[in-house]
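**Q** the following block contains a protein sequence and its predicted model.
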Amino acid sequence: MSIDKDTAAKVAKLARIRIEDDALPGLAQEFNDILGFIEQLNEVDVEGIEPMTSVTPMRLKRREDVVTEGGMTDRVLSNAPDAREGFFAVPKVVE
Amino acid sequence: MADLNKLTIAEARNALRKGDVTSIELTEACLTQIEGAGALNAFVHDTSDLAREQAAAADARVKAGDAPDLCGIPLGIKDLFCTKGVPSQAASGILEGFRPEYESTVTQNLFDAGAVMLGKLNMDEFAMGSSNETSVYGNVVNPWKVDARELTPGGSSGGSAAAVAADLCLGATGTDTGGSIRQPAAFTGITGIKPTYGRCSRWGIVAFASSLDQAGPMARTVRDCAIMLEAMCGHDPKDSTSADLPVPDFEAMLSGDIKGKVIGIPREYRMDGMPQEIETLWADGTAMLKDAGAEIRDISLPHTKYALPAYYVIAPAEASSNLARYDGVRYGHRSHLEQGDGITEMYEKTRAEGFGDEVKRRVMVGTYVLSAGFYDAYYNRARKVRTLIKRDFEQVFDAGVDAILTPATPSSAFGLGEMANADPVQMYLNDVFTVTVNLAGLPSISVPAGLDKQGLPLGLQLIGRPWEEGDLLNTAYALEQAAGFVAKPEKWW
């Protein structure tokens, strides 16, 4: 399976990373190098093997579905590039 | 006392308790060394004011007779740990200016034990790298040098490794997703342990691959690692994968007695083209453990070869998901927007500017392997192979093996920039001996065991049973005593 320029562009779009057109062929080549390396996994017989979901056998703890910490809008917003009136601010989303 | 910055943690603790030295003196000695070590580029955020405050508080605690082992000990903290009010950037441009409103559980545990934070340490961006060349702060330089070349300290915890090896601090925190504690420890002649997955809380540590990431200590001796590890671990309700198990007194378990222990030597770790020096080191280490009374057993871990390709599916997949949060909305960098740019342009430009090349590459590889049509072929297959890798270890441990001995790295430290033109896979091969352990969630330690013919340090890796860090540390202690590694880099910085 070989990745071409268009596939590289599509992946970049899905990842929300802007890649200039002239960088796409190089990127596609890097993907091919990495995926070529990953192809080795096809040699392994995985018939009947469960995909790992948890590396150590543990049961996730349950807790009451309640607010444990809250009421700190200022601290939550303190690192925002743009915050106004208690909200994160972003460019207009709805026309 | 002379050269306070060169003390081990255990020596400093004992001197503090005896009243021979104060934390302020230790801290000032380290701060002076840090100031003179700019050429190593290990420390990237100065917290000397905080360090002096913490040292004074620690001295008061020592005086009051309430001094845990780490009380007053000056440490460096990897930039991946969120530290309250202190820049925490994961060495990425996308977190420029970020000052967390909270403290990571591991650093909080260390501070509760009285430890002093000297500053934040350089690393590969988002812990993605094996040479500390992907950092927004620039490369870290290994204090070890054999010619005019500047060498890599390894990565991703390269700043931690360089700082400990150069005696800028008594110990440092690291994190290990595929070898990021053990490989740099080996490259710099220090000791580093990655505990069992779940031992250390991941809360407040910037996430790379959540099912693989673990924090651990990097220090000059096995004993110092035992002391630091005990303070770092413990159950934390804020991390759902944190283990609710008691933390033993690891230091008390260091007897050096390994009589009757079974040490496995996995044949699959004897790689084609492995340098003779690594072979020799491994054979020497095996002989040392045998002389100490251990039984040596040849073992097989048949899926070893597939660990690295499985890792390079699973880790990028998890990274692409974890790093989706860097969108220019809540923290860090936001791109300057042109008239008419909408939210998609904001995301795409912000991430293009904020992430470095290796991070972009991994996020996109992860996006690809998780995308519709490829999820089963790549991601699910890799998770099945991961099950098999873990099973290999389980079978060996069930057959009575107590620990496994392997080389830590396939070579000694290489020159900065030497891998610049290699394809990314060449760099990934650095983690060939360490990455299996993360996939299986096991504890593992790198111990310096000798020098190569150039005079650069080499490490051996011991892998233990899950949750048996105490036993693993004891085996490492026996190896450390037998190897008698005392070499230090000559100061040139």
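**A** Great, that's in hand. All values derive from a computational prediction rather than experimental measurement. Numbering: from 1, shown residues only, chains lettered A, B, ... in the order given.

**Q** what element comes up after the one helix or strand in chain A whose mean pLDDT sits lowest heading to the C-terminus?
**A** Lowest mean confidence among the helices and strands of chain A (mean pLDDT, DSSP states H and E): helix A:24-38, at a mean of 93. As assigned by DSSP states H and E, the chain's next helix or strand after helix A:24-38 is helix A:73-77.

**Q** which residues in the stretch 201-350 of chain B form strands?
**A** Secondary structure of the stretch 201-350 of chain B (DSSP state E, counting those that start in this stretch): strands at B:214-219, B:262-266, B:295-299.

**Q** residues near B:M288, how many?
**A** 20 (other C-beta atoms under 10 Å in any protein chain shown). The C-beta positions use only the backbone N, C-alpha and C, and glycine is treated the same way.

**Q** wouldn't it be in contact with B:E480 here?
**A** No. Counting by C-beta atoms under 8 Å, B:E480 is not a contact partner of B:M288; they are 9.7 Å apart.

**Q** which one is B:A483 nearest to, not counting chain neighbours?
**A** Residue nearest to B:A483 in three dimensions, not counting chain neighbours: B:A449, with 4.5 Å by C-beta to C-beta, 6 or more residues apart in numbering or on different chains.

**Q** wait, B:R52
**A** B:T27 (6.5 Å).

**Q** so who does that neighbour touch?
**A** B:51-52, B:54-55, B:74, B:116, B:118 (C-beta atoms under 8 Å, 6 or more residues apart in numbering or on different chains).

**Q** per-residue confidence at A:M1?
**A** The confidence metric pLDDT takes the value 57 at A:M1.

**Q** B:A15 should be in a strand, yeah?
**A** No. Counting by DSSP: H, G, I helix; E, B strand; the rest coil, one finds B:A15 to be helix, located in no strand.

**Q** report how many residues lie close to it.
**A** Neighbours around B:A15, by other C-beta under 10 Å: 18.

**Q** what is the burial count for the residue lying closest to B:A163 once chain neighbours are set aside?
**A** Spatially, and ignoring its direct neighbours in sequence, B:A163 is nearest to B:A42 (4.2 Å; C-beta to C-beta, 6+ apart). By other C-beta under 10 Å, the residues close to B:A42 number 33.

**Q** before we move on, back to that, in three-state terms, label the residue nearest to B:A483 for me.
**A** strand.

**Q** I figured it hits B:L281, correct?
**A** Yes. Using C-beta under 8 Å, B:A449 makes contact with B:L281 at a distance of 5.8 Å.

**Q** which neighbours do the two share?
**A** Joint contacts of B:A449 and B:L281 (C-beta under 8 Å, 6+ apart) are B:458, B:460.

**Q** if I pick the closest residue to B:S104 other than its chain neighbours, what's in contact with it?
**A** Closest residue in space to B:S104, ignoring its immediate chain neighbours: B:G204 at 2.7 Å, by C-beta to C-beta, 6+ apart. When contacts are counted by C-beta under 8 Å, 6+ apart, B:G204 touches B:81-82, B:100, B:102-108.

**Q** where does the residue nearest to B:A483 land on pLDDT?
**A** With respect to pLDDT, B:A449 has a value of 98.

**Q** what is the neighbour count of it?
**A** 25.

**Q** any idea how far it lies from B:P246?
**A** Noted for B:A449: a distance of 32 Å to B:P246, by C-beta to C-beta, to the nearest Å.

**Q** am I right that B:I73 is in contact with B:F111?
**A** No. Assessed by C-beta under 8 Å, B:I73 is found out of contact with B:F111, at 11.3 Å.

**Q** pick out whichever of those two has more residues nearby.
**A** B:I73 (33 against 21).

**Q** mind listing what that one touches?
**A** B:9, B:12-13, B:23, B:26, B:114-116, B:170-171.

**Q** redo that, cut-off 7 Å
**A** B:9, B:12-13, B:115-116, B:170-171 (C-beta atoms under 7 Å, 6 or more residues apart in numbering or on different chains).

**Q** do the same with B:E295
**A** B:260, B:262.

**Q** equivalent analysis for A:A80, please.
**A** A:88, B:330-331.

**Q** got a PyMOL select line for the buried ones in those?
**A** Burial among the contacts of A:A80 is assessed by 16 or more other C-beta atoms under 10 Å in any protein chain shown; the matching PyMOL selection reads:
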select buried, chain B and resi 330+331
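
**Q** could you dump the contacts of A:A80 to a markdown table with distance to B:D3 and pLDDT?
**A** Below are the contacts of A:A80 laid out as a markdown table (distance: C-beta to C-beta, whole Å; pLDDT from 0 to 100):
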| residue | distance to B:D3 | pLDDT |
| --- | --- | --- |
| A:F88 | 50 | 97 |
| B:R330 | 45 | 97 |
| B:Y331 | 41 | 97 |
